[in-house]
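Student: structure for this input, please:
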Amino acid sequence: MRTILFIIQKEFKQIFRNKSMLPIIFVLPIIQLLILSNAATFEVKNIMIGFIDRDHSSLSRELINKFNTSQYFKIYQFYEQKEAANIAMQHGDISVIFEIPDNFEKNLLKENKVDLSLRIDAINGSSAGVANGYINQIVKNFNKKFISKYSTGSYAIVKNKTINIVPEYWFNPELNYKIFMVPGIIVILVTMISFFLSGMNIVREKEIGTLEQINVTPIKKYQFIIGKLLPFWILGIFILFFAMNIGRILFDVPIVGSKLVILVFASIYILVFLGMGFFISNFTDTQQQSMFIAWFFTVIFMLMSGLFTPIESMPHWAQRITDFNPIRYFIEVIRMVMLKGSGFKDIYPQLIKISLFALAMNTLAIFSYKKTN
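Tutor: Residues are numbered from 1 along each chain as shown. Next comes the predicted model:
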């Protein structure tokens, strides 16, 4: 036990003496959390919209004003001709062309029906779909206002509906996308700290020649491995709870569930990537090689974790591949615990799977490490 403690003490001294590693551990996670939490979002805002108003009536102006007061749209320009609006869209000045036809007010009041022309730049299909949903909601609200004003007589716009849907949003009542994204970003930060630094630290021993010296000492294999990896396990736990508190203070992300549940799961999860980093370091000779391989796997894990793209939206074969992605399970668990208040009973399947990953990766790491003594 004393031997392990001496190795741990030596590792912490080496970490805090390495001026290039300290910013990676303490500064970059904060910067990444602040930037990614604001930038990584599927919310579509400030959509540049151009109008072609052929009616110039009070109702058409009222409808346009609905867009002007929306936080999702910015009125770029009014066009008299369709060709000018099309050119503006081709140049990327606007993303939406909204055309109000002649006799808009007359047809709406007398015939209860009017067709509006809408053209959307759909190079980004998901953004185009979201913009279309926003526009339909604005037009729907516009209709509701005039249902009450012109609901009787010959000026009825539409018939009153007898069925209304009243939605109730659980766990994120304000539909704040940061509350959804921040827990996932925290997982990525913990993963990068435990994965990259553990692999780089061991390879660095190879580069400076101290690993060979350690290999010929009486230190046992298990003592060396525990002493090498435990400091990064402690740092990973520290970064996890530090980032959770930053998310709660700056982004008002709630922590509804027990921190003990997150601690237990994170303790096993970090072992997965410590073992993976150790395994990679056994087959690489430089820190650049270790970083390249670690980054290769991290990118794949991130893209297929459900952080940016829902797993349910992936093809069936891709969904099966995500079963072997440990990041997926931690993102699921941290969202369940922080936002829903889930307990050990609720995360039991993920806990079993991540434990098997940890056992497999650390077994590979131990057997792949060759000690000469």
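
Student: surely Glu118 is within a strand?
Tutor: Actually, residue 118 is Leu. It isn't Glu. Yes: counting by DSSP: H, G, I helix; E, B strand; the rest coil, Leu118 is found in a strand.

Student: how much space separates it from Val96?
Tutor: 7 Å (CB to CB, to the nearest Å). Heads up, the C-betas are built off the backbone N, CA and C, glycines and all.

Student: who has more neighbours out of those two?
Tutor: Val96 (23 against 15; other CB atoms under 10 Å).

Student: does the more buried one really touch Ile49, like I thought?
Tutor: Yes: if you go by CB atoms under 8 Å, Val96 and Ile49 touch, sitting 4.3 Å apart.

Student: mutual contacts of the two, please.
Tutor: Taking CB atoms under 8 Å, 6 or more residues apart in numbering as the contact rule, Val96 and Ile49 both touch Phe73.

Student: and Ile75, helix, strand or coil?
Tutor: Following three-state DSSP, the label given to Ile75 is strand.

Student: show me the contacts for it.
Tutor: Ile49, Gly50, Phe51, Ile64, Phe67, Asn68.

Student: next: Glu11.
Tutor: Asn201, Gly227, Lys228, Leu230, Pro231.

Student: secondary structure element for it?
Tutor: helix 2-17 (DSSP states H and E).

Student: what do Leu118 and Val96 both touch?
Tutor: Joint contacts of Leu118 and Val96 (CB under 8 Å, 6+ apart) are Ile135.

Student: residue contacts, Tyr134?
Tutor: Contacts of Tyr134 (CB under 8 Å, 6+ apart): Val44, Ile47, Ser70, Tyr72, Phe73.

Student: what's the neighbour count on Val177?
Tutor: One correction, residue 177 is Tyr, not Val. The burial count for Tyr177: 15, using other CB under 10 Å.

Student: pLDDT on the helix holding Glu11, on average?
Tutor: What helix 2-17 shows for mean pLDDT is 72.

Student: buried stuff in that helix?
Tutor: Neighbour-count burial for helix 2-17 flags Ile4, Ile7, Ile8, Glu11, Ile15 (criterion: 16 or more other CB atoms under 10 Å).

Student: if I read this right, Ala266 contacts Gly236, doesn't it?
Tutor: Yes: assessed by CB under 8 Å, Ala266 is found in contact with Gly236 at 7.4 Å.

Student: any common contacting residues for those two?
Tutor: Both Ala266 and Gly236 are in contact with Val190, where contact means CB under 8 Å, 6+ apart.

Student: what residues does the host helix or strand of Ile293 touch?
Tutor: Taking DSSP H and E as the criterion, the element that holds Ile293 is helix 287-303. When contacts are defined by CB under 8 Å, 6+ apart, helix 287-303 is touched by residues 188, 191-192, 195-196, 199-200, 203-204, 207, 276-277, 280-281, 284, 308-309, 325-328.

Student: what about 6 Å?
Tutor: Counting by CB atoms under 6 Å, 6 or more residues apart in numbering, helix 287-303 makes contact with Phe195, Phe196, Gly199, Met200, Val203, Arg204, Ile280, Ser281, Thr284, Asn325, Ile327, all of which sit outside it.

Student: what ranges does the protein have for its strands?
Tutor: Using DSSP state E, the strands of the chain run over 47-53, 73-78, 96-100, 117-120.

Student: dump those into TSV; add mean pLDDT and distance to Phe344 as well.
Tutor: Conversion of the strands of the chain to TSV gives the following (pLDDT from 0 to 100; distance: least, CB to CB, whole Å):
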stretch	mean pLDDT	distance to Phe344
strand 47-53	92	44
strand 73-78	90	46
strand 96-100	91	48
strand 117-120	90	47
